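Colleague: Next one to model:
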Amino acid sequence: MIPYDSLFSRNYGIFSPAEQERIRAAHVLIIGCGGIGGFVAVCLARSGVEHFTLVEFDSYEHSNMNRQIACFTDTLGRNKAEVVADEIRRINPQAEARVIPRLLPLEDIDPLIAAVDLVFPAADDFAYSQLCFRKAQQAGKPALYVLPSGLWAYISLVMPGSPPVEEFTGMPVFQTYEEIDAFYRSPEYRQNSTWYVDHAGWQPDYQAAYAQGEKPPAQICPLVWMASSFGVLQALKWLAGREGALSFPRLLWISDRGVRVAHLHRPNLPAFWRLSRKIYWAWVQASGKRRLGSTENDPTVRSGD
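Modeller: Numbers count the residues shown, from 1 in each chain. Just a heads-up that it's a prediction; the model follows:
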């Protein structure tokens, strides 16, 4: 067995022995092991974290190849969490990686959150992830927020005392999974994505197809991995007990023009986008055409489990 301090000897040029021991002892819950979740898990393992709980029901498919770190031709069809756990053990055989390879009802997430030091909600089901952020705050646990899209991303930590995660995007605050899911699936939500063309580098025809519900969000490997790396850096600062980890309403903002720190309550472009969305959703609600969050007459809305 290779000694821990030999595997991670270069870390001690950055972290003190006491800080590295805090990183080693940390337990991280990752809910969704796809593009950002899988990368964050592997990057944390290479940073010396030894305790993971990985929740993921999905398996690798062809469309994952462009950005998911453990997706290869020989892992297609395998459960993502199981593959990522194997990668963690290949990095550090002493690491513990518990795998839950199924879709958990939201109420079953609570005891998992209670047992860990950091939560990373990264499920493709945005409503599910959003409620996991809420659960982490209620449990007094920090949660990592990494949201990439095209050539744009937000990164921050959502602390127990932070404003709700809805403040990142200016969306309404709903109480139930069904309401949040209906919102994300609504035509109004998708059609409010035209700014992705100018600010996130989306092709206009792709954005139009996304707005019609025909395409998933556009993603490329460099941006997904870059955003996830910056997220891991914030997580490591917090796990090591260091000052300086960014937490909401401060965030790291990546665009095709560079990387900078923004504050969503001060004049800057992310704050303007958030405010413009708040105005848009208020207008949609006031128009009376559709009650956002309503599941009435919508047979496509999924159940919470």
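Colleague: where do the strands sit along the protein?
Modeller: Using DSSP state E, the strands of the chain run over 27-31, 51-55, 96-100, 118-121, 143-149, 152-158, 250-255, 258-263.
Colleague: shaky segments in the stretch 1-150 of the chain?
Modeller: Judged by pLDDT under 70, the stretch 1-150 of the chain has no weakly predicted residues.
Colleague: As a check, name the ranges of all helices in it.
Modeller: Counting by DSSP state H, counting those that start in this stretch, the stretch 1-150 of the chain has helices at residues 4-7, 17-25, 35-46, 80-91, 109-114, 126-138.
Colleague: My guess is residue 24 contacts residue 47. True?
Modeller: No - Residue 24 lies out of contact with residue 47 (Cβ atoms under 8 Å); the separation is 9.5 Å. Using the backbone N, CA and C atoms, a C-beta is placed for each residue, glycine as well.
Colleague: and residue 214, how many neighbours does it have?
Modeller: Residue 214: 10 surrounding residues under other Cβ atoms under 10 Å.
Colleague: tell me the centre residue of this structure?
Modeller: For the chain, the residue lying nearest the average C-alpha position, counting by Cα atoms, centre = their mean, turns out to be residue 122 (3.8 Å).
Colleague: Please tell me how far that one sits from residue 254.
Modeller: Taking Cβ to Cβ, to the nearest Å as the measure, residue 122 falls 17 Å from residue 254.
Colleague: Same question for residue 129.
Modeller: From residue 129 to residue 254 the distance is 19 Å (Cβ to Cβ).
Colleague: Which one of the two is surrounded by more residues?
Modeller: Using other Cβ under 10 Å as the criterion, residue 129 and residue 254 rank with residue 129 on top: 22 against 18.
Colleague: how about the residue found closest to the more buried one once you drop the neighbours it is linked to in the chain, what does it touch?
Modeller: Nearest residue to residue 129, sequence neighbours excluded (Cβ to Cβ, 6 or more residues apart in numbering): residue 121, at 3.9 Å. By Cβ atoms under 8 Å, 6 or more residues apart in numbering, the contact set of residue 121 is 31, 32, 128, 129, 130, 132, 133, 136, 143.
Colleague: Output the residues you listed in a markdown table; the columns should cover distance to residue 233.
Modeller: Listed next are these as a markdown table, based on distance: Cβ to Cβ, whole Å:
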| residue | distance to residue 233 |
| --- | --- |
| 31 | 20 |
| 32 | 20 |
| 128 | 26 |
| 129 | 21 |
| 130 | 24 |
| 132 | 22 |
| 133 | 20 |
| 136 | 19 |
| 143 | 16 |
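Colleague: Residue 236 versus the closest residue to residue 113 other than its chain neighbours, what's the distance?
Modeller: Nearest residue to residue 113, sequence neighbours excluded (Cβ to Cβ, 6+ apart): residue 139, at 4.9 Å. Distance from residue 139 to residue 236, counting by Cβ to Cβ: 21 Å.
Colleague: Looking at the two, which is more packed in?
Modeller: Neighbours per residue (other Cβ under 10 Å) separate residue 139 from residue 236, with residue 236 holding more: 25 against 18.
Colleague: Next, the contact list for residue 5, please.
Modeller: Counting by Cβ under 8 Å, 6+ apart, residue 5 touches residue 12.
Colleague: and the gap between it and residue 47?
Modeller: Distance from residue 5 to residue 47, counting by Cβ to Cβ: 14 Å.
Colleague: do the same with residue 193
Modeller: In this view, residue 193 and residue 47 are 34 Å apart by Cβ to Cβ.
Colleague: Compare these two and say which is more crowded by neighbours.
Modeller: Each of residue 193 and residue 47 has its neighbours counted (other Cβ under 10 Å); residue 47 has more, 22 against 16.
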